[in-house]
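Student: Pasting a predicted model and its sequence here:
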Amino acid sequence: MGYSTSDPRLQQGHFVYAYLRKDDYSPYYIGYASRPYRPLERKGHCVKVPDDACRIVVLKHGLDQRTAWAWERFYIFWYGRLDLGGGNLRNQNDGGAGGPPGPITLAKLRAAAKKVGSTPAKRAAAKKRGSKRGPLTQREKENLRVLCKQNTNTPEVNAKHRLTKIRKTYDELKPPFTFEAWQAMPKDRRGTLICQIRAARFLEITLNDYLQLSRGERISRTRAKKHAEGLLIPTGKAGGARAA
């Protein structure tokens, strides 16, 4: 009996499932789902979904979400991942709400490099003329190995990037706040202030004067200045009426 979406065990809670190989019925993918149709969906899986429903098995069922994540991580750890060289699963992470991404390999880096600036026309032309790129040199291989070992997607690095971006915006706009106050603001509030500061500079007034204007006054003064500088191009009937 193969996998069935009408299985009463799958109607409540979350469950953990596995895809089995065709030759020896060993597992090659472990996943978790909250809907019976999830194991059959081809979109969102990093591996091919088995054509035979008999090669889809339910390992655990009737679980809450956190327990299902824990069992998924356990089975992936138990059978091991192929990309880490310690098992036979084709999972790209350790499971449990996604988990950390798999390691960067030379093949992934070269595939990503080919996609930069690529278009269907460029890919077709490159395929037609053939690849003129020779094998990687020893120095290029060493550089790629160094990149593979570096994990730049860490909370510390991400926090540093965010701080650098906030500092760059602060130095550019020079708002009437200290950098500590600017950094402590919520992101949406900071975004609103950025728009207001740039609008005030366009009108050549201070931020306080801009904030004291009503919404209608802001719009009318902005349109008048744009019209005076030739930034507004009349179109349609309204443009014809003004020209007349």
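Tutor: Yes, it's here.
Student: where along the chain do the helices fall?
Tutor: Using DSSP state H, the helices found in the chain span residues 65-79, 106-115, 120-129, 138-149, 155-173, 179-184, 187-202, 207-212, 215-228, 236-243.
Student: Let me know the angle separating the longest one from helix 187-202.
Tutor: What that stands for is helix 155-173. Here helix 155-173 points in a direction 20 degrees away from that of helix 187-202 (axes from the mean of the first three to the mean of the last three Cα atoms, to 10 degrees).
Student: which residues are in contact with helix 155-173?
Tutor: Here helix 155-173 makes contact (Cβ atoms under 8 Å, 6 or more residues apart in numbering) with 179, 182-183, 190, 194, 197-198. No exception for glycine: its C-beta is placed from N, CA and C like everyone else's.
Student: Repeat the analysis, applying 10 Å as the threshold.
Tutor: 150-152, 154, 175, 177-179, 182-183, 185, 187, 190-191, 193-194, 197-198, 201, 207 (Cβ atoms under 10 Å, 6 or more residues apart in numbering).
Student: What's the ChimeraX syntax to select whichever of these are buried?
Tutor: Restricted to buried positions by 16 or more other Cβ atoms under 10 Å, the ChimeraX selection for those reads:
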select :175,182,190,193,197,207
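Student: residues in contact with the closest residue to Y210 other than its chain neighbours?
Tutor: Using Cβ to Cβ, 6 or more residues apart in numbering and skipping the chain neighbours, the partner closest in space to Y210 is A200 (3.7 Å). Taking Cβ under 10 Å, 6+ apart as the criterion, A200 is in contact with 206-211, 213, 218.
Student: go with 7 Å
Tutor: A200 makes contact with 206-207, 210, according to Cβ atoms under 7 Å, 6 or more residues apart in numbering.
Student: Give me the buried stretch members for stretch 40-56, please.
Tutor: Neighbour-count burial for stretch 40-56 flags 50, 55-56 (criterion: 16+ other Cβ under 10 Å).
Student: Fine by me, we can end here.
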